[in-house]
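Colleague: what follows is a predicted protein model with its sequence.
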Amino acid sequence: VQLQACGGGLVQPGGSLRLSCVASGFSLDTYGIGWFRQAPGKGREGISNIHRDGTTFYLNSVKGRFTISRDNGKNTVYLQMNDLKPEDTAVYYCAAGWPSIPTIELEYDVWGQGTLVTVSS
């Protein structure tokens, strides 16, 4: 049972990246999937979630810029990030669980290893 987050990199302000969260050993479609991030010197925060039924959640700071989606056929959840800002610089993690509150880390059971996103000119 494993999650792998990938797709991070260096991007200029205003640019875009798409992160992928790929599952192995289990089917993502039976789980809620969350994206978290941890900026340098800060705690980890939940920024987006997609429920099993497709309902989505976004933290206010990313709402309108980030879009979460899932492709059950590829066992993958994506986070499309547009209009990136320097304050989006962080290590991004995906996690699987059945959270009643999408931003609570303890409600997720399986975590990926993180992918670094750096937004800088």
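Modeller: Looks like it came in fine. Numbering: from 1, shown residues only.

Colleague: for the protein, just list every one of the strands.
Modeller: 2-6, 9-11, 17-24, 32-38, 44-50, 56-58, 66-71, 76-81, 90-97, 108-111, 115-119 (DSSP state E).

Colleague: output the ones you listed in CSV, with mean pLDDT appended to each entry.
Modeller: Below are the strands of the chain laid out as CSV (pLDDT from 0 to 100):
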stretch, mean pLDDT
strand 2-6, 95
strand 9-11, 98
strand 17-24, 96
strand 32-38, 97
strand 44-50, 96
strand 56-58, 96
strand 66-71, 96
strand 76-81, 98
strand 90-97, 97
strand 108-111, 94
strand 115-119, 98
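
Colleague: stretch 62-69 spans what distance, first to last residue?
Modeller: 15 Å (C-alpha to C-alpha, to the nearest Å).

Colleague: now do it: everything it contacts.
Modeller: Contacts to stretch 62-69, defined as C-beta atoms under 8 Å, 6 or more residues apart in numbering, come from residues 33, 35, 47-50, 56, 58, 77-84, 88. Glycine gets a C-beta too; all of them are placed from N, C-alpha and C.

Colleague: stretch 108-121 now?
Modeller: In contact with stretch 108-121 (C-beta under 8 Å, 6+ apart) are residues 1-13, 15, 17, 19, 21, 26, 31, 34, 37-38, 81, 84-97, 99.

Colleague: one more time with 6 Å
Modeller: Around stretch 108-121, the neighbours that count as contacts under C-beta atoms under 6 Å, 6 or more residues apart in numbering are 1, 3-6, 8, 10-13, 21, 34, 84, 86, 88-89, 91-97.

Colleague: output it as CSV, restricted to C-alpha atoms.
Modeller: Extracted C-alpha coordinates of stretch 108-121, given in CSV (Å, rounded to 0.1, in the frame of the first residue of the first chain):
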residue,chain,number,x,y,z
TYR,A,108,-5.6,10.1,6.8
ASP,A,109,-4.1,6.6,6.9
VAL,A,110,-1.7,6.5,3.9
TRP,A,111,0.8,9.2,3.0
GLY,A,112,3.1,9.8,0.0
GLN,A,113,6.7,11.0,0.4
GLY,A,114,6.2,14.6,-0.8
THR,A,115,7.3,16.6,-3.8
LEU,A,116,8.9,20.0,-3.7
VAL,A,117,7.4,23.0,-5.4
THR,A,118,9.5,26.1,-5.6
VAL,A,119,7.9,29.3,-7.0
SER,A,120,10.6,31.9,-7.7
SER,A,121,11.8,34.2,-10.4
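
Colleague: nice, that's everything, thank you.
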